[in-house]
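> below are the sequence and a predicted model for it; my questions follow.
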Amino acid sequence: MATVSSSSNTGESPCWLNRHVLMLGYQGSGKTSSCITISGQEDDSARQPTKEASLFTKMLDSSQLLLVDTPGWGLDSGERLDGQSPTSAHVRHLCYPGVHALLLVVPIGESFTEQQRQGMLERLESAGMHIWRYCMVLFTGADRLWGNGVEEFIAEGGTAIQRLVEKCGNRYHALDNTCPENNTQISELLQKLEEMVQENEGSFFVINDSIQTPWSEHTQRREEHDRMMADDAEVSPIFRSPPRELRMLLVGWQGAGKSSAGNIILGGRKFESGRRTESSLRCQAHVSGRRVTIVDTPGWDWYSLHRTPAHIRKEIRRGAGLLHPGPHALLLVIPVISTLTVRKRQALENHLEMFGKEVSLHTMVLFSCGDWLGATPIEEQIQRNGGQLLRLMAYCLNYYHVLDSTSATRSEDQVSDLLLKVEEMVAQNESRPFLPVKLNEELDDEATCGKCTLQ
């Protein structure tokens, strides 16, 4: 194994340029293989069970990634993260002064039971409840997905795996250790890790709280502030702390501008615009201090739910499943100069109600092509359009926003305003995401389903 001495662990570089990552999981989950894939270091003993904690390093542009591999847990193991056992003491030494991220390694293709989830919770929470803000699930064996997305695996993997992902703030990544030359999967993982570090304001988790560092004091003050906010039951929902992640589903007519809207929100060419979207696609970026995840979906028919092909309806519904544990908002994209008739409005509402009768609580009208308005305020355009658009707005509880695809100077401001409106909607819904579908159910035109509450 790639082990280091106490002197080599401290190194010459300042600790604030390092990123300490701790690999945890059950025996045979693929921790060591993942360390090799991420770091690019070879290890002749990788096929043998890990007997002691070891260190892998990867040099980055402006920092150094320090990966600490650990012995696998057994189902009946009493190993804890409180720094008292010999193994924990060695881990604490390798990770000094603290851990920026804990990767909980779970293999794809093997069942993850409620007993395993409970075992993880007991081991981790022995080190403190605030440990979860530093955790991410790392799925190994991504080659077993056979071309499907990891989101589908999570959605169909059972309650235990879903609850673990939720506990980690819906932070996860899939890794194919049979293809170490795939640099894209490594780059995406490193980006997610850095986003988590930034969300935690650069702080790290101290395994043994007796180790006093400037950051441990900072973390304690932050925890006390969070507890005070949680205990204040009289605070209006609008003023509660916003979610660190926003998950949004783009829906609407064919050619309404959904893909372009997704690109504007995420700040880059994430979706292929200018051509028909055939399948739902999930993309993510860090926007205005938040992790924003968007799923673009195929367009539906302008005039009737029945005229939208069944495979398109199923694909749209699958898109909602890619936003586990559920989208915070459905963005109904409508070109700003569209004229609504009774038939078109009813078609929009019927398509939305594929997701259930409570869908209107989570839907915002997103007007695309805002540059067509010129100097005309959107409110004037809504009044000019007439009663059908007003009825649609009332159906969506008057949540709406305009995106101007030509205004590069206003792009950041208009996106920030949109995210604030979505957060207000989330607060009004008591921070509950909306999971209206199950992937393994057949869709019919009158399908309705319930709401899934984030635990």
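Looks like it arrived, so ask away.
> what about the helices in the stretch 351-455 of the chain?
378-385, 387-395, 411-428 (DSSP state H, counting those that start in this stretch).
> those: lowest mean pLDDT?
Among those, helix 378-385 carries the lowest mean pLDDT, at a mean of 80.
> other SSEs contacting that one?
helix 387-395, strand 400-402 (3 or more C-beta pairs under 8 Å, 6 or more residues apart in numbering; DSSP states H and E). Heads up, the C-betas are built off the backbone N, CA and C, glycines and all.
> buried residues in the first one, which are they?
Within helix 387-395, the residues scored as buried using 16 or more other C-beta atoms under 10 Å are 388-389, 392, 395.
> Asp54 against Asp69, yeah?
Careful, residue 54 is Ser and not Asp. Yes: taking C-beta atoms under 8 Å as the definition, Ser54 is a contact partner of Asp69 at 5.0 Å.
> for the two, indicate the residue with more neighbours.
Shown here are Ser54 and Asp69; by other C-beta atoms under 10 Å, Asp69 has more neighbours (30 against 22).
> any idea how far Pro335 is from Pro319?
One thing to correct before we go on: residue 319 is Gly, not Pro. With distances taken as C-beta to C-beta, to the nearest Å, Gly319 is found 21 Å from Pro335.
> what are the boundaries of the strands in the stretch 51-200 of the chain?
54-59, 64-69, 101-107, 135-140, 172-175 (DSSP state E, counting those that start in this stretch).
> quick one on the thing from earlier: more crowded one of Gly319 and Pro335?
Neighbours per residue (other C-beta under 10 Å) separate Gly319 from Pro335, with Gly319 holding more: 25 against 16.
> contacts only, for the more buried one.
Gly319 makes contacts with 249, 280, 282, 295-297, as judged by C-beta atoms under 8 Å, 6 or more residues apart in numbering.
> again, only using 7 Å
Gly319 makes contact with 249, 280, 295, 297 under the criterion C-beta atoms under 7 Å, 6 or more residues apart in numbering.
> doesn't Gly321 make contact with the second one?
If I follow you right, that is Ser280. No: counting by C-beta atoms under 7 Å, Ser280 does not reach Gly321; the two are 8.7 Å apart.
> buried residues in stretch 404-421, which are they?
For stretch 404-421, by 16+ other C-beta under 10 Å, it's 404-405, 411, 414-415, 418-419, 421.
> of all pairs in those residues, which one is the farthest apart?
Spanning the widest gap among the buried residues of stretch 404-421 are Ser405 and Lys421, at 18.3 Å by C-beta to C-beta.
> of all the helices of the stretch 351-455 of the chain, which lies closest to Glu166?
So among the helices of the stretch 351-455 of the chain, helix 411-428 is nearest, using C-beta to C-beta, at 15.5 Å.
> quick one on the thing from earlier: turn the helices of the stretch 351-455 of the chain into a markdown table, columns for distance to Gly147.
Converted to a markdown table, the helices of the stretch 351-455 of the chain look like this (distance: least, C-beta to C-beta, whole Å):
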| stretch | distance to Gly147 |
| --- | --- |
| helix 378-385 | 42 |
| helix 387-395 | 38 |
| helix 411-428 | 31 |
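> and Ser63, which of these is closest to it?
That would be helix 411-428 among the helices of the stretch 351-455 of the chain, by C-beta to C-beta, at 26.7 Å.
> counting by contacts, list what that closest one packs against.
Counting contacts by 3 or more C-beta pairs under 7 Å, 6 or more residues apart in numbering; DSSP states H and E, helix 411-428 packs against strand 245-252, helix 258-266, strand 363-368, strand 400-402.
> now the longest one: how far from the chain's centre is it?
What that stands for is helix 258-266. Centroid displacement of helix 258-266 relative to its chain, using C-alpha atoms, centre = their mean, to the nearest Å, is 17 Å.
> name the SS class of Leu24, please.
For Leu24, the assignment made with DSSP: H, G, I helix; E, B strand; the rest coil gives strand.
> which residues sit in contact with it?
With C-beta under 7 Å, 6+ apart, Leu24 has these contacts: 70, 102-105.
> select only the buried ones of those in PyMOL?
Filtering the contacts of Leu24 down to the buried ones (16+ other C-beta under 10 Å) takes a single PyMOL command:
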select buried, resi 70+102+103+104+105
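> mind checking pLDDT for Thr297?
Confidence score, pLDDT, at Thr297: 94.
> for it, which residues are in contact?
249-251, 258, 277, 280, 315-316, 319.
> hang on, the earlier thing: which of the helices and strands packed on helix 378-385 sits closest to Asn183?
The nearest among these, by C-beta to C-beta, is strand 400-402 at 36.8 Å.
> helices or strands up against the closest one?
Against strand 400-402 (3+ C-beta pairs under 7 Å, 6+ apart) you get strand 363-368, helix 411-428.
> would JSON lines of the ones you listed with distance to Arg92 be doable?
Shown next, in JSON lines, are the helices and strands packed on strand 400-402 (distance: least, C-beta to C-beta, whole Å):
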{"stretch": "strand 363-368", "distance to Arg92": "47"}
{"stretch": "helix 411-428", "distance to Arg92": "38"}
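> pull up the gap between Leu392 and Asp301, please.
From Leu392 to Asp301 the distance is 17 Å (C-beta to C-beta).
> picking up where we left off before, and of the buried residues of helix 387-395, the nearest to Met196?
Looking across the buried residues of helix 387-395 and measuring by C-beta to C-beta, the closest to Met196 is Tyr395, at 37.5 Å.
> the closest one reaches Leu361, doesn't it?
No: shown here, Tyr395 and Leu361 do not form a contact pair, counting by C-beta under 7 Å, at 10.5 Å.
> let's have the contacts of Thr297 in TSV, adding pLDDT and distance to Glu194.
Listed next are these as TSV, based on pLDDT from 0 to 100; distance: C-beta to C-beta, whole Å:
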residue	pLDDT	distance to Glu194
Leu249	95	26
Leu250	96	26
Val251	96	31
Lys258	93	29
Thr277	87	30
Ser280	91	27
Glu315	91	32
Ile316	91	33
Gly319	89	27
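> what subset of those is buried?
For the contacts of Thr297, buried by 16+ other C-beta under 10 Å: 249-251, 258, 277, 280, 315-316, 319.
> got JSON lines for those residues, with distance to Gln118 too?
Shown next, in JSON lines, are the buried ones among the contacts of Thr297 (distance: C-beta to C-beta, whole Å):
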{"residue": "Leu249", "distance to Gln118": "32"}
{"residue": "Leu250", "distance to Gln118": "37"}
{"residue": "Val251", "distance to Gln118": "37"}
{"residue": "Lys258", "distance to Gln118": "41"}
{"residue": "Thr277", "distance to Gln118": "41"}
{"residue": "Ser280", "distance to Gln118": "33"}
{"residue": "Glu315", "distance to Gln118": "36"}
{"residue": "Ile316", "distance to Gln118": "36"}
{"residue": "Gly319", "distance to Gln118": "32"}
